[in-house]
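Chemist: Generate a structure from the sequence data that follows.
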Amino acid sequence: MNCETSLIGSAVVARNDGDGMYHLASIKERIGQTFQFHLQWANGEESSQYTKHIFGSFTRRQRLALGDHVLAVANAVSIIYLPGKIVGTNDGYIIVKFCNGTSSNHVDPQQCFWLSEDYYDNVTQFFAQQSLRRDDEIRY
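Modeler: Prediction:
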């Protein structure tokens, strides 16, 4: 069994291209021989996503440090993850400033995924574009 097949059924955090945010999902299947998977979101909807935008227990862990970019829980109620930057620590937790301008003082570092600066820049730009699109849809 190859690595991609072992991911089927896994719970993941993945980017929803519709809103640019990262949500809980499960992997349904790999799409052919591509780097895409068919996902089922927590709300029951389905879509596909490239592997570079999917994070889970299989994602390589890295020690986090001040100034690192991370994917972290931005909204604990709706369990939305957003890219952010570690700006401090707080009694075992990290303080993250998110790409939407909000911040959290109690982010569990075990619930974060390290992001490269290039990936962070790319996905925050995508998030901003999706936010503008949502704002335009609301106005019209």
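Chemist: what's the following helix or strand after whichever strand or helix holds Val87?
Modeler: Val87 is located in strand 80-90, with elements delineated by DSSP states H and E. Later in the chain than strand 80-90, the nearest helix or strand by DSSP H and E is strand 93-98.
Chemist: which strands and helices sit next to the helix or strand just after that next one?
Modeler: On the C-terminal side of strand 93-98, the closest following helix or strand by DSSP H and E is strand 103-107. Helices and strands touching strand 103-107, by 3 or more CB pairs under 8 Å, 6 or more residues apart in numbering; DSSP states H and E, are strand 69-75, strand 80-90, strand 93-98. Quick note: C-beta positions are derived from backbone N, CA and C, even for glycine.
Chemist: if we can go back for a sec, relative to strand 93-98, how tilted is the strand holding Val87?
Modeler: 130 degrees (axes from the mean of the first three to the mean of the last three CA atoms, to 10 degrees).
Chemist: Can you tell me what sits against stretch 105-114?
Modeler: 13, 55, 59, 61-62, 64, 68-73, 90, 93-96 (CB atoms under 8 Å, 6 or more residues apart in numbering).
Chemist: Which among these count as buried?
Modeler: Buried by 16 or more other CB atoms under 10 Å: Val13, Phe55, Leu64, Asp68, His69, Val70, Leu71, Ala72, Val73, Ile94, Ile95, Val96, out of the contacts of stretch 105-114.
Chemist: buried ones in the lengthiest helix in the chain?
Modeler: Criterion DSSP state H: the longest helix present in the chain is helix 117-139. Neighbour-count burial for helix 117-139, counted by 16+ other CB under 10 Å, picks out Tyr120, Val123, Thr124, Phe126, Phe127, Gln130.
Chemist: now stretch 36-50
Modeler: Gln36, Phe37, Leu39, Gln49.
Chemist: Which two of these have the greatest separation?
Modeler: Greatest spacing in the buried residues of stretch 36-50, by CB to CB: Gln36 and Leu39 (9.4 Å).
Chemist: Could you double-check that Arg15 sits in contact with Gln49?
Modeler: Yes - between Arg15 and Gln49 there is a contact under CB atoms under 8 Å: 6.2 Å.
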